[in-house]
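[1] have a look; sequence and predicted model below, questions after that.
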Amino acid sequence: MEISSTAFTQLADIPSAYTCDGGELSPPLAWSAIPANAKSLVLIVDDPDAPDPTAPKTTWVHWVLFNLPPQSTGLLSGNSGLPDLPDGTLNGLNDWNKTGYCGPCPPIGRHRYFHKLYALDIRLPALRPATKATLEKAMQGHVIDQCELIGYYQRKK
């Protein structure tokens with residue numbers, strides 16, 4: 001499996017349009033080589049460097065999507081973090097306790113942002129609440145492949 005973006009490449013800087021300093025658009029994402037036996041996909045975007053990359057204390061979750069159809073090929077950029085989603089896709093809660101995408105907004109330093117895509121051998125139930133933690137628990141034993149795209153962002157002062 002592979003995940004990519006036309007907005008930034010692996011280990012490159014994320015443009016400010018996709019952050020709190022710009023339009024906070026969700027980035028365009030594309031994926032390929034999804035296993036034939038996949039029943040659904042999960043996308044989790046998080047920052048393991050919060051709040052300070054020299055002394056990280058938590059992983060901050062920016063976006064949670066699940067039950068993406070395995071035949072989908074990606075997501076277009078979306079205004080205000082709410083792109084059009086393929087039929088059947090469910091939004092989970094990010095760490096702002098909201099659904100949808102909230103872009104990078106690091107308080108200090110240059111942070112890494114992991115865009116993780118998982119192929120599952122099941123469709124997940126409508127979880128309540130659908131947080132990263134509840135999704136990861138429900139996904140246990142059902143991940144058949146995964147990939148990630150990492151981008152960086154540091155706020156300009």
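    Great, that's in hand.
[2] packing partners for the helix or strand bottoming out on mean pLDDT in the chain?
    In the chain, no helix or strand scores lower on mean pLDDT, DSSP states H and E than strand 90-91, which sits at a mean of 94. Secondary-structure packing of strand 90-91 (3 or more C-beta pairs under 8 Å, 6 or more residues apart in numbering; DSSP states H and E): strand 58-68. Quick note: C-beta positions are derived from backbone N, CA and C, even for glycine.
[3] and for whichever helix or strand comes after the least confident helix or strand of the chain, what's in contact with it?
    Toward the C-terminus, strand 90-91 is succeeded by strand 111-120 as the next helix or strand (DSSP states H and E). Residues from elsewhere that reach strand 111-120 (C-beta atoms under 8 Å, 6 or more residues apart in numbering): 1, 3, 5, 14, 27, 29, 31, 34-35, 38-50, 53, 62, 70, 104, 139, 142-154.
[4] strand 111-120 versus strand 58-68: what angle between them?
    Calculated by axes from the mean of the first three to the mean of the last three C-alpha atoms, to 10 degrees, strand 111-120 forms an angle of 30 degrees with strand 58-68.
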